[in-house]
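**Student:** build me a model:
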Amino acid sequence: MNEALEAPGVGLRSDTLIALRRVALAAESAPALAALPGGFATRRKGHGLEVADMREYVAGDDLRHLDRGTTARTGRLHVRQFQEERDRVSLLVADFRPAMFWGLRRAFRSVCAAEALSLIGWSVVESGGRVGLLALTGAAPVIVPARGRSRGMLDVIGGMVEAHQAGLAALAAGQGADPPLDQALSRADRLVPPGAELVIASGFDKPGLGLADRLSALARRRRPRLLLVTDAQIGRMPRGRYPIRTEDGRRIRLSLGGAAAAAEEPARRIAGRPALVLDAGETVEQTARRIVAGLTEAQAA
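**Tutor:** Next up is the predicted model:
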């Protein structure tokens, strides 16, 4: 791969994403970080502190869990069942389709997506959860099963770097077709268990006609969160004619920039669902603060 494709903001490096652990933990205090994707508890019945259910006593039940009120009302012994926390599982979905390899300032949108998912992933594993990866490309996706601790996050980072390098190499070879996003997400529900969270970082280019239905299907048993990665600088480009290559390989020039192309507020809803907007031109520290503030605000709403 040539040097231009390895430049900061264009190429993706493992050591850079590993170093984001410190940025993720420093962005906010521990309570705020717990509001990030993955920072929620799914439940199962067990020996916790919160009552999950009530049922009749059967031989072998712990008598310490007898519920006096229900027993008195029904005349039959009843015991409480409690719920406890189990693994927090987050599937990080990185969109590395060809349209994501674009940026005018600090970094490509693909790099910003990887950074945002790394920030989230580090906070998840630090809080005791597990992370997996589905990296979408112009060809076959890269999949990393969900694992916990730093080892799991290192595997995810390795998968993102591998997928990103493959995407850059394909572009350099002139392969630039974007598969529809709805089709690319078709296997996401099979990679993590019910109750897990799916964090999708994408520009949502070429979403496909069935994206809304796909997200609704995922939301039935899982929890999708959307990160819309943009480049806000495009509306402030100097006026001029810019070379553009279309999906079919044709090269054209478009008149962009100046007052005629004033910046607009990017959409904050994708396929009818709220999305947190991230700017690829901002620093990773700004991105980390935006993630914490935006997702905390969304939970409070």
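
**Student:** and the helices in the chain?
**Tutor:** Ranges of helices in the chain, per DSSP state H, are 14-27, 30-33, 68-74, 109-126, 149-172, 181-184, 211-219, 284-300.

**Student:** in the chain, which residue is most central in space?
**Tutor:** For the chain, the residue nearest the mean C-alpha position is Val199 (2.3 Å; Cα atoms, centre = their mean).

**Student:** and that residue, how far from Ala19?
**Tutor:** For Val199, the distance to Ala19 equals 20 Å [Cβ to Cβ, to the nearest Å]. C-beta coordinates here come from the backbone N, C-alpha and C atoms, glycine included.

**Student:** Leu168 now?
**Tutor:** Counting by Cβ to Cβ - Leu168 and Ala19 are separated by 21 Å.

**Student:** out of those two, which sits in the more crowded spot?
**Tutor:** Ranked by neighbour count (other Cβ atoms under 10 Å), Leu168 and Ala19 place Leu168 first, with 23 against 13.

**Student:** check what pLDDT that one gets.
**Tutor:** According to the prediction, Leu168 has pLDDT 87.

**Student:** my guess is it contacts Gly11, does it?
**Tutor:** Yes: with contacts counted by Cβ atoms under 8 Å, Leu168 reaches Gly11, the gap being 6.9 Å.

**Student:** can you tell me how far Glu126 is from Met153?
**Tutor:** Glu126 sits 9 Å away from Met153, taking Cβ to Cβ as the criterion.

**Student:** those two: who's more crowded?
**Tutor:** Each of Glu126 and Met153 has its neighbours counted (other Cβ under 10 Å); Met153 has more, 27 against 17.

**Student:** so who does the more buried one touch?
**Tutor:** Met153 makes contacts with 21, 118, 121-122, 125, 131, as judged by Cβ atoms under 8 Å, 6 or more residues apart in numbering.

**Student:** ranking by neighbours, what's the top pick from those?
**Tutor:** Going by other Cβ under 10 Å, Val131 tops the contacts of Met153 with 33 neighbours.

**Student:** OK, contacts around the spatially closest residue to that residue that is not a sequence neighbour?
**Tutor:** Nearest residue to Val131 in three dimensions, chain neighbours excluded: Gly121, at 4.6 Å (Cβ to Cβ, 6 or more residues apart in numbering). By Cβ under 8 Å, 6+ apart, the residues touching Gly121 are 38, 90, 92, 131, 153, 156-157.

**Student:** what's the answer for Leu181, then?
**Tutor:** Per Cβ under 8 Å, 6+ apart, neighbours of Leu181: 95, 97, 136, 202, 204-208, 211.
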